[in-house]
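Student: Structure, please.
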Amino acid sequence: MISRLKSSFSFFFLLLTSYFAVPSPVHAQSAWSGRCVDNGVATIQGLECLFANILQVIVTLAGFAFLVMFVLGGFQYLTSSGDDKKAAAASSTLTMAVVGLVGITLSWLILKFISDFTGANVLEFKIPGP
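Tutor: Numbering: from 1, shown residues only. Model (predicted):
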């Protein structure tokens with residue numbers, strides 16, 4: 001039974017890592033437009049694009065970390081075999097995964113509340129420019 005669980009977990013991990021191992025097109029030589037580039041020259045508003053890209057990566061990594069912790073905690077709980085220490089460690093892992101997800105969601109909701117309450121758009125990063 002344990003060997004079947006390990007092989008299914010290995011298959012899932014291999015499938016997940018193969019998704020990230022396949023290169024995707026970057027289009028580094030494409031023409032940019034909008035506030036980030038003006039006639040082929042980067043502007044100070046390019047920091048908006050940089051910030052948006054970094055934030056997108058952080059949110060994706062946070063979601064991926066939640067998924068990995070949740071699957072790992074569930075796997076630990078299934079393989080605890082009635083051992084109280086292993087079950088408590090697995091329960092702690094699951095609890096921390098859910099607390100992290102709730103924390104990320106709560107931080108966005110707080111920013112949304114501030115935006116609605118004050119009228120200031122704190123959810124959008126904009127540098128004043130021409």
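
Student: which non-adjacent residue is nearest K126?
Tutor: Once flanking residues are discounted, K126 sits nearest to E48: 6.3 Å by CB to CB, 6 or more residues apart in numbering. C-beta: built from backbone N, CA, C; applies to glycine.

Student: Which helix or strand lies directly C-terminal to the host helix or strand of the one you found?
Tutor: E48 belongs to helix 46-78 when assigned by DSSP states H and E. On the C-terminal side of helix 46-78, the nearest following helix or strand under DSSP H and E is helix 84-118.

Student: Sketch out the low-pLDDT regions of the protein for me.
Tutor: Low-confidence segments of the chain (pLDDT under 70): 1-35, 129-130.

Student: For the helix holding E48, buried residues please.
Tutor: Buried residues in helix 46-78, counted by 16 or more other CB atoms under 10 Å: G46, E48, C49, F66, M69, F70, V71, G73, F75, Q76, Y77.

Student: From A89, how far off is the first one?
Tutor: When distance is defined by CB to CB, to the nearest Å, G46 is 46 Å away from A89.
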